[in-house]
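Participant: let's see this in three dimensions:
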Amino acid sequence: MTVYNFSAGPAVLPTPVLEQAQSEFTDYQGSGMSVMELSHRSSFFDAIIKDAKKRLRELMNIPDNYHILFLQGGASLQFSMVPLNLAQNKKALYVNTGSWSKKAIGAAKMLDNVAVEVIASSEEDNFTYIPDITPDMIDQDAAYLHITTNNTIVGTAFQTIPDAGKVPIVADMSSNILANDYNVEDFGIIYAGAQKNIGPAGLTVVIIRDDLLGLCEVNEPMLDYKIHTEANSLYNTPPTFAIYIAQLVFKWLQDLGGLPEILKQDQEKAQLLYDAIEKSSIFTSPVRQDSRSITNIPFVTGDEELDKKFNAEALAAGFENLKGHRSVGGMRASLYNAFPKEGVTALVAFMEKFEKENGGA
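Facilitator: Model (predicted):
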């Protein structure tokens, strides 16, 4: 039985990447050592991390005045690092579009010397849309405006990036980094946990503009962007194997044709599923059409028992991790870059079969 992994993260990785990692697992390029055994100060790993940064810079067209950091702690640690580095004794602006936005807001509020202001929210409608952000809503004296570009749990995404004037935009891009056509120069900081589109859990990518380094005194070196930048992401032992896999993923993306090609493929996969949902008599999308993610696609029947039946039968048929997040229920298909189109086609056929067997028109 073919298994299709719709997990929201840790997520599916490209098969060619896994196969190369397997072939090099016990002996990386004649070193006689696994990548997991290489010193992070060795010439072998130095080549890996430099190449990974170079390829990511090429893929995302990252300008020279931005630094790429490979850190640990997950995107959740960035909820605290961002205000510590940018907003002490200042105001920080947030847009609340879901669970992860709320956690970022909560972490910033725990800092006594940061004034947090939520300028827009879609919570009153269960986060089913992205609220409009207009320039007049943004205090130009604020330290930053924080957004979550793609909301993994509820399946919404920013289609365009707000105009924040001179205020830097900080983006949690964990679930749609390398799967969008955003312009890096529209942001002051981009951060992302790797476990969705980049590699295994344990690595966090931070892309930060020069002028945002050293703005505040950070008394904990591990939480200071400036220290990590000066140390080239080697202030402490980095997640070496995760960085190696990320390097292979970046190469895989480049070999495919880069972000324009993978975005085209992602849009095609999403459209297949959205079309099936739209024509269905039992499945619906809870997300407003103008806010829909192409990366995480929730759908429901409107009947909890029928949702449970679908999830159980889908799992038995080899569709792994389709069950929606516990906070929203239903189903959710996460279609990250490495997820194959044939998996979406198979899911659509299964949905049509289920609909016929369960009273659909």
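Participant: now do Glu37 against Gly318, distance only.
Facilitator: With distances taken as Cβ to Cβ, to the nearest Å, Glu37 is found 35 Å from Gly318. For the C-beta atoms, the positions are set from N, CA and C on the backbone; glycine is no exception.
Participant: then Pro340?
Facilitator: Distance from Pro340 to Gly318, by Cβ to Cβ: 13 Å.
Participant: repeat for Leu347
Facilitator: Leu347 is 10 Å from Gly318, by Cβ to Cβ.
Participant: do the same with Glu24
Facilitator: To Gly318, Glu24 is 29 Å away according to Cβ to Cβ.
Participant: avg pLDDT for stretch 105-116?
Facilitator: Taken as a whole, stretch 105-116 carries a mean pLDDT of 97.
Participant: what lies in contact with it?
Facilitator: The contact list for stretch 105-116 (Cβ atoms under 8 Å, 6 or more residues apart in numbering) reads 76, 79-80, 82-84, 87-92, 94, 96, 118, 146.
Participant: how about a cut-off of 7 Å?
Facilitator: Stretch 105-116 is touched from outside by 79-80, 83-84, 87-92, 94, 96, 118, with contacts defined as Cβ atoms under 7 Å, 6 or more residues apart in numbering.
Participant: can I get that stretch as PDB, trimmed to CA atoms?
Facilitator: The C-alpha trace of stretch 105-116 is given here as PDB (Å, rounded to 0.1, in the frame of the first residue of the first chain):
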ATOM      1  CA  ILE A 105       1.900  37.800  21.300                       C
ATOM      2  CA  GLY A 106       1.900  36.000  24.600                       C
ATOM      3  CA  ALA A 107       5.700  35.600  24.700                       C
ATOM      4  CA  ALA A 108       6.200  39.300  23.900                       C
ATOM      5  CA  LYS A 109       3.700  40.300  26.700                       C
ATOM      6  CA  MET A 110       5.800  38.400  29.200                       C
ATOM      7  CA  LEU A 111       8.600  40.900  28.800                       C
ATOM      8  CA  ASP A 112       8.000  43.800  31.200                       C
ATOM      9  CA  ASN A 113       9.600  46.400  29.100                       C
ATOM     10  CA  VAL A 114       7.800  45.700  25.800                       C
ATOM     11  CA  ALA A 115       4.500  47.400  25.000                       C
ATOM     12  CA  VAL A 116       2.500  44.900  22.800                       C
END
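Participant: buried residues, it. List them.
Facilitator: Ile105, Ala107, Ala108, Val114, Ala115, Val116 (16 or more other Cβ atoms under 10 Å).
Participant: can you put the contacts of stretch 105-116 in TSV and add neighbour count, secondary structure and distance to Glu313?
Facilitator: Formatted as TSV, the contacts of stretch 105-116 follow (neighbours: other Cβ atoms under 10 Å; DSSP: H, G, I helix; E, B strand; the rest coil; distance: Cβ to Cβ, whole Å):
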residue	neighbour count	secondary structure	distance to Glu313
Phe79	22	helix	38
Ser80	17	helix	42
Pro83	27	helix	45
Leu84	21	helix	47
Ala87	24	coil	49
Gln88	17	coil	53
Asn89	9	coil	56
Lys90	16	strand	52
Lys91	15	strand	50
Ala92	26	strand	46
Tyr94	23	strand	40
Asn96	20	strand	35
Val118	16	strand	41
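Participant: turn these into JSON lines, including distance to Leu215.
Facilitator: As requested, the contacts of stretch 105-116 are exported to JSON lines (distance: Cβ to Cβ, whole Å):
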{"residue": "Phe79", "distance to Leu215": "18"}
{"residue": "Ser80", "distance to Leu215": "15"}
{"residue": "Pro83", "distance to Leu215": "11"}
{"residue": "Leu84", "distance to Leu215": "10"}
{"residue": "Ala87", "distance to Leu215": "9"}
{"residue": "Gln88", "distance to Leu215": "8"}
{"residue": "Asn89", "distance to Leu215": "11"}
{"residue": "Lys90", "distance to Leu215": "9"}
{"residue": "Lys91", "distance to Leu215": "14"}
{"residue": "Ala92", "distance to Leu215": "12"}
{"residue": "Tyr94", "distance to Leu215": "18"}
{"residue": "Asn96", "distance to Leu215": "24"}
{"residue": "Val118", "distance to Leu215": "22"}
